[in-house]
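In: kindly generate the corresponding structure for this input.
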Amino acid sequence: MDKSKKQLIIIIAATFIIGAGIATLVFLFSGNSKTEPATNVAESEVLTADAESTAPEEDVPETVDATEEPSTEESGSAESQAEEPAETSAETPVEESAQQPAAETQTATAAATEMAAPTAEAAATEAPAPKAASGTPVSLHGELKVNGTHLVDCNGKTFQIKGVSTHGLAWFPEYVNKASFQTLRDEWGANCVRLAMYTAEYGGYCEGGSSQMKTMVNNGVGYATDLGMYVIIDWHILQDQDPNKHTAEAIAFFDEMSAKYAGYDNVIYEICNEPNGGVNWPTIKNYAEQVIPVIKKNNPDAIIIVGTPTWSQEVDKAAADPITGYTNIMYTLHFYAATHKDSLRKTMQNAINSGLPIFVTEFGTCDASGSGGNDFSSANAWVDLMDKNSVSYCIWSLCNKNETAALINSGCSKTSGWSESDLSDAGKWYVGVLNNGVPLGSLDLADSSQSSQPSDNNNNNSSSEPAASSSSANTSVTLTQSNHWNDGKADFYQYVVNVKNTSSSKISGWSVTVSFGGNVSIDQFWSGNITASGNTVSIKPEDFNSSLAAGESIEVGFIIKTSESLGTPTVTVGN
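Out: Model (predicted):
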């Protein structure tokens with residue numbers, strides 16, 4: 001075979017070998033392409049999270065069937081397993097604790113940073129913005145915002161939330177229903193419901209109850225929204241003391257809630273109810289500055305309320321070092337009238353004077369344990385101070401627990417449509433506060449959100465004309481009858497007393513005597529020490545309004561009950 005033929009054979013053989021090798025490689029690669037490609041750990045976690053987050057939510061019924069609600073006995077029994085501890089007075093604040101450990105802070109901050117980025121889940125789960133029914137608080141006042149130290153409505157007018165807090169949702173779930181909230185709105189005059197979701201106690205969100213609690217919160221928001229009421233989602237820190245213990249859970253919860261309700265005008269976020277146990281303001285502030293950006297990422301205009309040290313009493317600490325860089329941030333103050341008096345009232349006033357926006361998201365008329373006697377004199381002084389400064393407030397609590405702070409009588413099993421006799425003394429008092437002293441069932445409220453003047457139904461007669469006046473060398477007093485009604489057994493008259501220092505110097509220790517033509521008894525009073533004997537009402541100041549600067553005036557009020565003709569009253573002023 002000649003040389004050229006040999007070369008040709010070698011070339012053909014080489015070509016065949018190379019072709020076979022290429023074919024083998026193609027086959028091998030083609031076979032691998034039919035298997036799933038390897039996924040790194042981070043991608044796997046993201047895919048898993050997305051799959052879980054896009055699972056459809058169960059439909060929530062619009063109303064709760066009363067026959068399916070847990071019994072009051074079951075709720076009361078469960079609640080008794082974790083009683084709230086007695087609160088300490090702000091007059092003797094506990095020693096502040098050390099700062100949060102750096103490692104814990106870094107972990108929580110990392111979680112916050114990771115969750116701060118917008119997610120597909122947030123967009124997918126956002127509920128459509130509802131339109132409030134005509135004539136309801138939200139339809140009339142719209143989205144609120146913080147202006148200076150108080151709230152204003154969508155028209156820029158000063159606005160006060162005056163609402164009711166639930167008890168722990170796990171203990172008294174039966175009160176979270178649409179009929180209950182409607183009773184609060186239409187018959188009590190409340191414009192807001194606070195949903196107290198405990199984090200650590202029995203059935204708490206961070207103790208295995210997250211699914212049930214989330215459903216309860218979503219139901220509550222839905223009912224309030226349908227009724228055109230404002231609603232507060234309360235991350236109810238109590239026995240867990242330091243909110244930083246559950247920062248990651250709080251971030252996840254508020255990220256979900258604020259994304260879901262981003263388009264709602266009525267939802268407010270309270271991110272730590274009552275820090276306590278020596279937790280100081282820098283520690284609370286550290287927590288708040290991780291949670292706030294998560295909510296603001298979803299809703300930049302959201303109102304966020306931040307708890308303060310010692311069961312949310314030391315607002316002065318927040319006033320000295322407020323959170324900056326955000327709008328619509330408010331700070332929590334809680335009081336129980338029989339425990340917290342002039343000292344804490346002065347603390348609140350000083351904080352407001354320094355520019356701190358305060359929201360009293362919880363208060364009671366009894367002592368800080370929720371028991372003991374009611375101190376309506378102190379409670380009235382608090383209401384007067386809050387109204388004077390346009391501070392918003394919610395009373396504790398909507399339940400029939402056998403304690404003084406409960407608004408419903410312990411023997412009443414109704415969860416809505418309560419009559420006057422169904423209410424506790426605290427409940428009756430609060431209805432009077434919201435309705436300007438008119439008993440339950442006497443009002444037909446067109447705008448229950450800001451009702452300060454009762455209607456003329458059921459023989460109610462209002463008057464703005466002064467009934468009597470008097471003056472001394474340095475003080476003038478005007479007595480005005482603001483309302484009158486009859487409950488079928490007796491007449492009730494409501495009066496406002498204006499006391500003014502007409503001199504050029506400070507006065508102290510004023511007093512007023514009002515005489516009527518018949519015997520009277522005191523039904524309610526506020527902002528003063530007021531007693532009745534026979535046909536005479538004696539009025540002396542509280543500590544906070546006993547001294548009047550030159551030209552300063554204050555108002556006190558009272559409601560008298562009588563079955564006699566009173567005639568025209570007379571007023572005497574003393575110093």
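In: hey, let's count contacts and neighbours off CA atoms from now on
Out: Noted.
In: low-confidence ranges in this structure?
Out: 1-125, 437-466, 526, 544, 575 (pLDDT under 70).
In: domains of this structure?
Out: 70-90+100-450, 466-574 (automatic domain parsing).
In: now mean neighbour count too, for the ones you listed, in a markdown table please.
Out: Converted to a markdown table, those look like this (neighbours: other C-alpha atoms under 10 Å):
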| stretch | mean neighbour count |
| --- | --- |
| domain 70-90+100-450 | 21 |
| domain 466-574 | 18 |
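In: just want the phi and psi numbers for residue 310.
Out: Dihedral angles of residue 310 (phi, psi; degrees, to the nearest 10) stand at phi 60, psi 60.
In: next one: the closest residue to it other than its chain neighbours from residue 312, what distance?
Out: Residue nearest to residue 310 in three dimensions, not counting chain neighbours: residue 276, with 4.7 Å by C-alpha to C-alpha, 6 or more residues apart in numbering. Separation of residue 276 from residue 312 (C-alpha to C-alpha, to the nearest Å): 8 Å.
In: next: residue 139.
Out: Relative to residue 312, and taking C-alpha to C-alpha, residue 139 is found at 31 Å.
In: what do you get for residue 365?
Out: 17 Å.
In: for residue 528, same thing?
Out: Residue 528 is 26 Å from residue 312, by C-alpha to C-alpha.
In: element containing the residue lying closest to residue 291 once chain neighbours are set aside?
Out: Spatial nearest neighbour of residue 291, excluding adjacent residues (C-alpha to C-alpha, 6+ apart): residue 251 at 5.5 Å. Using DSSP states H and E, residue 251 sits in helix 247-260.
In: same for that helix, what does it pack against?
Out: helix 102-116, helix 120-125, helix 281-298 (3 or more C-alpha pairs under 8 Å, 6 or more residues apart in numbering; DSSP states H and E).
In: what's the first helix or strand after that helix?
Out: strand 267-270.
In: ok, that next one: who's next to it in the sheet?
Out: Neighbouring strands of strand 267-270 in its sheet, by DSSP bridges, are strand 230-236 (parallel), strand 304-306 (parallel).
In: residues contacting that strand, please?
Out: Outside strand 267-270, the residues that touch it by C-alpha atoms under 8 Å, 6 or more residues apart in numbering are 221, 230-235, 261, 302-307.
In: repeat the analysis, applying 7 Å as the threshold.
Out: 230-235, 302-306 (C-alpha atoms under 7 Å, 6 or more residues apart in numbering).
In: quick one: distance of it to the chain centre.
Out: 7 Å (C-alpha atoms, centre = their mean, to the nearest Å).
In: now swap in stretch 407-426 and tell me
Out: 22 Å.
In: identify the residues contacting it?
Out: 72, 174-175, 179-180, 183, 365, 397-402, 405-406, 427-428, 440.
In: so which of those residues belong to helices?
Out: 72, 179-180, 183, 427-428 (DSSP state H).
In: out of those residues, which is nearest to residue 296?
Out: Proximity of those to residue 296 (C-alpha to C-alpha) peaks at residue 180, which lies at 31.1 Å.
In: quickly find the element holding residue 323.
Out: Counting by DSSP H and E, residue 323 is found in no helix or strand.
In: so how far is residue 226 from the residue nearest to it when sequence neighbours are not counted?
Out: Closest residue to residue 323 apart from its sequence neighbours, by C-alpha to C-alpha, 6+ apart: residue 285 at 7.1 Å. Separation of residue 285 from residue 226 (C-alpha to C-alpha) stands at 34 Å.
In: again with residue 553
Out: On the measure of C-alpha to C-alpha, residue 553 and residue 226 end up 42 Å apart.
In: secondary structure class for the closest residue to residue 545 other than its chain neighbours?
Out: Once flanking residues are discounted, residue 545 sits nearest to residue 554: 7.4 Å by C-alpha to C-alpha, 6+ apart. Secondary structure assignment for residue 554 (DSSP: H, G, I helix; E, B strand; the rest coil): strand.
In: so residue 554 sits against residue 497, correct?
Out: No - taking C-alpha atoms under 7 Å as the definition, residue 554 is not a contact partner of residue 497, at 8.3 Å.
In: can you tell me how far residue 552 is from residue 423?
Out: Distance from residue 552 to residue 423, by C-alpha to C-alpha: 38 Å.
In: skipping its backbone neighbours, what lies nearest residue 161 in space?
Out: Per C-alpha to C-alpha, 6+ apart, closest to residue 161 is residue 392, 4.6 Å.
In: for the one you found, give the beta-bridge partners.
Out: Beta-bridge partners, per DSSP bridges, of residue 392: residue 359.
In: check contacts around it.
Out: 160-162, 359-360.
In: one more: residue 328?
Out: Counting by C-alpha under 7 Å, 6+ apart, residue 328 has contacts 145-146, 301-304.
In: now do the helices in the stretch 301-450 of the chain.
Out: 309-312, 315-320, 342-353, 376-388, 425-434 (DSSP state H, counting those that start in this stretch).
In: which other helices and strands contact the longest one?
Out: Spelled out, it's helix 376-388. With contacts taken as 3 or more C-alpha pairs under 7 Å, 6 or more residues apart in numbering; DSSP states H and E, helix 376-388 sits against strand 521-526.
In: strands paired with whichever strand or helix holds residue 193, and their directions?
Out: In the assignment (DSSP H and E), residue 193 maps to strand 192-198. Sheet partners assigned to strand 192-198 using DSSP bridges are listed as strand 162-166 (parallel), strand 230-236 (parallel).
In: what's the closest of those strands to residue 562?
Out: Among the strands paired with strand 192-198, if distance is taken as C-alpha to C-alpha, the winner is strand 162-166, at 29.8 Å.
In: quick one: the closest one to helix 425-434, angle?
Out: Orientation of strand 162-166 against helix 425-434 (axes from the mean of the first three to the mean of the last three C-alpha atoms, to 10 degrees) gives an angle of 160 degrees.
In: and strand 162-166, how far out from the chain's middle?
Out: With C-alpha atoms, centre = their mean, you get 7 Å for strand 162-166.
In: just the CA atoms of it, as CSV, please.
Out: What follows is strand 162-166 as a C-alpha-only set of coordinates in CSV (Å, rounded to 0.1, in the frame of the first residue of the first chain):
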residue,chain,number,x,y,z
LYS,A,162,-61.8,57.2,72.7
GLY,A,163,-61.9,53.4,72.6
VAL,A,164,-62.1,50.1,74.5
SER,A,165,-59.4,47.5,74.9
THR,A,166,-60.2,43.8,74.8
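In: ok, residues contacting that strand?
Out: Outside strand 162-166, the residues that reach it (C-alpha under 7 Å, 6+ apart) are 190-196, 362, 392-398.
In: got it, and stretch 304-324?
Out: So stretch 304-324 is contacted by 87, 90, 93, 268-276, 278-281, 288, 328-334, 347-348, 351, 354, 356 (C-alpha under 7 Å, 6+ apart).
In: now do the SS call for residue 222.
Out: Residue 222 ends up helix, using three-state DSSP.
In: look up how far residue 233 lies from it.
Out: 12 Å.
In: repeat for residue 146
Out: When residue 146 is compared with residue 233 (using C-alpha to C-alpha), they lie 18 Å apart.
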